[in-house]
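> Return a 3D structure for these sequence lines:
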Amino acid sequence: MFLFSVFYLGSLCLFCAGYYLFAIMSLSLFSQHAIDRELRGLIWRYFNPSFKHLMTFGVLLLVGAYGMALFHETKKEAQYGSVAARVVREFYSLPKVKSPSIISPFMTAQATARFEDAPIQIIEYADFLCPDCLYMYEQLARLKQDFKGKINIAYQFFPLEAKCNQVVDKNKHPGACDLAYIAAYQPAKFPQIHDEIFANFRAAKNPEWRLSLARRYRAENALNDPDTKDLVQRIINTGAEYEKTSDQYAHGIRSTPTTIVNNRMIIGTLPYAQLKAIFQALVDEREKGNAKAFIENWVPAK
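Below is the predicted model of the structure:
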């Protein structure tokens, strides 16, 4: 391992060097005191060591390995804390944006009756056939359990299909509009339909599967229901209310997923650990009643 670190990796940490030195010293002591050199025969001399010395060597080796494991775990936690602090700091540096004129009534998590009363408020512009939205769905599924009773998530329909979305000039996911209509047709069944679509992400691209989904939930009329289509359209159109964040697109909501977290816009996806750090900071801020309370836990003092 010493030779591998020096000649292949080209680096050697101080702790690792100490461990290698410890191992070499242990081997030296083992060879000097744990081998009966008076025994005849290679096998009996070198492969029949004293049980007492062998146990001692084994214990010392395990202690060293345990110390190495603790070192790497501590190092990992330190790195996570540094990344979390940076992510939270960057999140709070984002400019605040207004809430859309229509906040979708279709909730995937609802801790409070009023959307604004939850410590964590998420407006999720998403497309049922978007791969990154599937990733976001998986992250939010974990985070809803981590922050149960403290999070509101409004699912803001934004299918990237020209059939119903005139806000962006994209036609990437045929069938996404139909899925939005089916999910919106019966609000009480929305959470269940939402989860079933993402649980069958590949199948949902098939028109026959979408039709069978509508039949199972008695939502066959959703595709032609004017009220349902009008509601979905009005939610989609809120994407045009945000100023553009890129010269390439006319509006701020240009792709999915785009989430507005406590009035700060995040375009794209973030890993679970980074989202968790942001959400924890928001909870700390609300519970401590101080707009900068997150600094105490997440941002190192300068």
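> just how off-centre is stretch 94-113 within its chain?
20 Å (CA atoms, centre = their mean, to the nearest Å).
> what ranges do the strands span in the stretch 1-150 of the chain?
107-109, 120-126 (DSSP state E, counting those that start in this stretch).
> got the contact list for the first one?
The one in question is strand 107-109. Contact with strand 107-109 is made by 122, 124, 140, 144, 151, 152, 153, 154, 155, 190, 191, 194, as judged by CB atoms under 8 Å, 6 or more residues apart in numbering. From N, CA and C alone the C-beta is placed, and that goes for glycine too.
> circling back: could I get the strands of the stretch 1-150 of the chain as JSON lines with mean neighbour count?
Shown next, in JSON lines, are the strands of the stretch 1-150 of the chain (neighbours: other CB atoms under 10 Å):
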{"stretch": "strand 107-109", "mean neighbour count": "20"}
{"stretch": "strand 120-126", "mean neighbour count": "25"}
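> With mean pLDDT added, can I get those strands in TSV?
Shown next, in TSV, are the strands of the stretch 1-150 of the chain (pLDDT from 0 to 100):
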stretch	mean pLDDT
strand 107-109	96
strand 120-126	97
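> Any idea which of those strands gets closest to residue 56?
Nearest to residue 56 among these is strand 120-126 (54.2 Å), distances taken as CB to CB.
> Which strands border that closest one, and is each parallel or antiparallel?
Neighbouring strands of strand 120-126 in its sheet, by DSSP bridges, are strand 151-157 (parallel), strand 258-261 (antiparallel).
> quick one: that strand to chain centroid distance?
From the chain centre to the centre of strand 120-126 is a distance of 14 Å (CA atoms, centre = their mean).
> start to end distance for stretch 231-247?
29 Å (CA to CA, to the nearest Å).
> who's in contact with it?
97-98, 100-102, 104, 125, 156-159, 164-168, 177, 180-181, 184, 250-254, 265, 267.
> Among these, which lie within helices?
Within these, residues falling in helices by DSSP state H are 177, 180, 181, 184.
> Most neighbours among these, which one is it?
residue 180 (31 neighbours; other CB atoms under 10 Å).
> Domains of this protein: list them as residue ranges, please.
Here the domain parsing of the chain from automatic domain parsing is 2-93, 107-269.
> Please pick the buried ones from the contacts of stretch 231-247.
97, 100, 104, 125, 156-159, 164-165, 167-168, 177, 180-181, 184, 251-254, 265 (16 or more other CB atoms under 10 Å).
> where in the stretch 201-302 of the chain is pLDDT low?
289-302 (pLDDT under 70).
> for it, what spans make up the helices?
Assigned helices in the stretch 201-302 of the chain, in chain order: 207-216, 226-237, 272-288, 295-298 (criterion: DSSP state H, counting those that start in this stretch).
> Sort out which residues of the first one are buried, please.
Going back to what we said before, that points to helix 207-216. Here helix 207-216 shows 209, 210, 213, 214 as buried, counting by 16+ other CB under 10 Å.
> And for it, what's in contact with it?
Here helix 207-216 makes contact (CB under 8 Å, 6+ apart) with 175, 178-179, 182, 193, 196-197, 200, 203-204, 219-220, 222-223.
> For the residue nearest in space to the middle of the chain, which non-adjacent residue is closest in space?
Against the mean C-alpha coordinate of the chain, by CA atoms, centre = their mean, the closest residue is residue 272 at 2.0 Å. Residue nearest to residue 272 in three dimensions, not counting chain neighbours: residue 139, with 4.8 Å by CB to CB, 6 or more residues apart in numbering.
> again with residue 248
residue 254 (7.9 Å).
> Hmm, residue 168 and the one you found touching each other?
Yes. Between residue 254 and residue 168 there is a contact at 5.5 Å, judged by CB atoms under 8 Å.
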